[in-house]
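K.L.:
When you get a sec, could you give me coordinates for this:
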Amino acid sequence: MAPTATDTEFMTYFQAVRLALKEELERDPTVFLMGEDIRFSIFGPTKDLHLEVEPERVLDTPITESAFVGAAVGAALTGMRPVVEIMFADFITVCMDQIINQAAKSRFMTGGQVKVPLVIRAPGGFMSSSAAQHSQSLEALFMHVPGLKICLPATPADAKGLLKSAIRDDDPVLVFEHKALYFSSDEVPLDPEFTVPLGKAAVRREGDDVTVFAVSGMVSSAVSAGDALARDGIEAEVIDARSLIPLDKDTLLSSVRKTGRLVTVEEGCLTGGVGAEIVALVTSEAWDSLKCPPVRVAAKDQPIPFSPVLEAACAPSSRSIQDAVRSCLDG
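P.N.:
So this is what the prediction gives:
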């Protein structure tokens, strides 16, 4: 019996990613997957998926990101819908030319004669001493590139819904999945047509005292911080960005106009980060509503340490979010 629009199942984040990929492979014959060892996936979302669909549509590639991302760009230009996995988001730096100079610009440079329906999945973020070359959050780099779309699912349901929207989109979409979220669990809609639109934020916690704009793995930390602050009578409104490009400005600005305060939270480095752009937007479009300067919470401006103690000191946390909120209220 086919799932109805209201049927859900409790599953992990990576199971939700797998479900999205399987559904889209079954729905659209132009969708195919590429990546290193994806048939035996280190994290799990694509493991043995080739046994459930046509095997030739789940392609293991050599260890050369520049080559297989370039091949995927070419396939997208011919009308296919490739979904590429970069094993760690850090390795996306190997194929910057293919993404920035080719995928992002081809539709514009041809006057719209071609589309580039390419999805790149890139697991990133802090997790268990993965160290400097396997822990980065690089989404802010790509916010500077016109022609790309960027989404960061923070829940299992969004992991499914945003990925399906990305696959169906006619522009290149970078989907940054957080490694530490892969084993988080929640209810996920089973409807094969369930999607989450790109460019629509979610309010994860309502409040009137301060707006906390959180990205990816920091959403759960922000909600935890909000719950802790509530015990002292401080009500934080937590906004899950979901997408950075397109950005849901309306939800963000509406919240800031209500609370008069803003804290941004991300795992990327502070300098030149997502928070800097969000603060610039809010101060230019909601200046009259601000009761104090916005505060940014982010990782330290340094390579991420291997040492668990130093890693924890480098990363933002629920405690650092609480401290930032209190500084806003004291200011």
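K.L.:
just the strands in the chain please.
P.N.:
Taking DSSP state E as the test, the strands found in the chain are 8-12, 31-35, 58-60, 81-85, 119-124, 149-151, 173-178, 185-189, 202-205, 210-214, 236-240, 243-245, 262-269, 295-299.
K.L.:
Would you mind saying which of those lies nearest residue 72?
P.N.:
Among the strands of the chain, strand 81-85 comes nearest to residue 72, with 3.9 Å by C-beta to C-beta. Bear in mind the C-beta positions are built from the backbone N, C-alpha and C, glycine included.
K.L.:
now for that closest one, which elements pack on it?
P.N.:
On a contact count with 3 or more C-beta pairs under 8 Å, 6 or more residues apart in numbering; DSSP states H and E, strand 81-85 meets strand 31-35, helix 65-77, strand 119-124.
K.L.:
Point out the most buried one among the ones you listed.
P.N.:
Stretch with highest mean neighbour count among the helices and strands packed on strand 81-85: strand 119-124 (a mean of 26; mean count of other C-beta atoms under 10 Å).
K.L.:
outside of that strand, which residues touch it?
P.N.:
17, 35, 43, 69, 72, 81-90, 92, 99, 135-139, 163, 166-167, 169, 172-179, 182, 216, 267 (C-beta atoms under 8 Å, 6 or more residues apart in numbering).
K.L.:
Please state the offset of that strand from the chain centre?
P.N.:
In terms of C-alpha atoms, centre = their mean, to the nearest Å, the gap separating the centre of strand 119-124 from the centre of its chain is 8 Å.
K.L.:
ditto for stretch 8-19
P.N.:
Computed by C-alpha atoms, centre = their mean, the chain-centroid distance of stretch 8-19 equals 16 Å.
K.L.:
what's the answer for stretch 98-118, then?
P.N.:
Put simply, stretch 98-118 sits 21 Å off its chain's centre (C-alpha atoms, centre = their mean).
K.L.:
What is the end-to-end distance of it?
P.N.:
Distance between the two ends of stretch 98-118: 11 Å, counting by C-alpha to C-alpha, to the nearest Å.
K.L.:
List the buried residues of that stretch.
P.N.:
98-100, 102-107, 115-118 (16 or more other C-beta atoms under 10 Å).
K.L.:
and what of stretch 203-218?
P.N.:
Neighbour-count burial for stretch 203-218 [16+ other C-beta under 10 Å]: 204-205, 207, 209-218.
K.L.:
Quick one: end-to-end length of that stretch, please.
P.N.:
Terminal-residue distance, stretch 203-218 (C-alpha to C-alpha): 14 Å.
K.L.:
for the closest residue to residue 95 other than its chain neighbours, what are its contacts?
P.N.:
Excluding the flanking residues, the one nearest residue 95 by C-beta to C-beta, 6 or more residues apart in numbering is residue 69, at 4.0 Å. Residue 69 is in contact with 84, 86, 95, 98, 99, 120, counting by C-beta under 8 Å, 6+ apart.
K.L.:
What of residue 145?
P.N.:
Counting by C-beta under 8 Å, 6+ apart, residue 145 has contacts 99, 100, 104.
K.L.:
what's the closest of the helices and strands packed on strand 81-85 to residue 23?
P.N.:
With C-beta to C-beta as the criterion, residue 23 lies closest to strand 31-35 of the helices and strands packed on strand 81-85, at 9.7 Å.
K.L.:
ok, and what's touching that closest one?
P.N.:
Contacts for strand 31-35 (C-beta under 8 Å, 6+ apart): 21, 24-25, 46, 49, 56-61, 68, 71-72, 75, 80-87, 121, 167.
K.L.:
picking up where we left off before, mind putting the contacts of residue 69 in a markdown table, distance to residue 294 and pLDDT included?
P.N.:
Below are the contacts of residue 69 laid out as a markdown table (distance: C-beta to C-beta, whole Å; pLDDT from 0 to 100):
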| residue | distance to residue 294 | pLDDT |
| --- | --- | --- |
| 84 | 35 | 97 |
| 86 | 32 | 94 |
| 95 | 34 | 94 |
| 98 | 35 | 96 |
| 99 | 30 | 97 |
| 120 | 31 | 98 |
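K.L.:
Reformat these as JSON lines; add distance to residue 145.
P.N.:
JSON lines is the format used below for the contacts of residue 69 (distance: C-beta to C-beta, whole Å):
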{"residue": "84", "distance to residue 145": "17"}
{"residue": "86", "distance to residue 145": "16"}
{"residue": "95", "distance to residue 145": "13"}
{"residue": "98", "distance to residue 145": "12"}
{"residue": "99", "distance to residue 145": "8"}
{"residue": "120", "distance to residue 145": "13"}
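K.L.:
Quickly name whichever of those is closest to residue 254.
P.N.:
Nearest to residue 254 among those, counting by C-beta to C-beta, is residue 120 at 31.1 Å.
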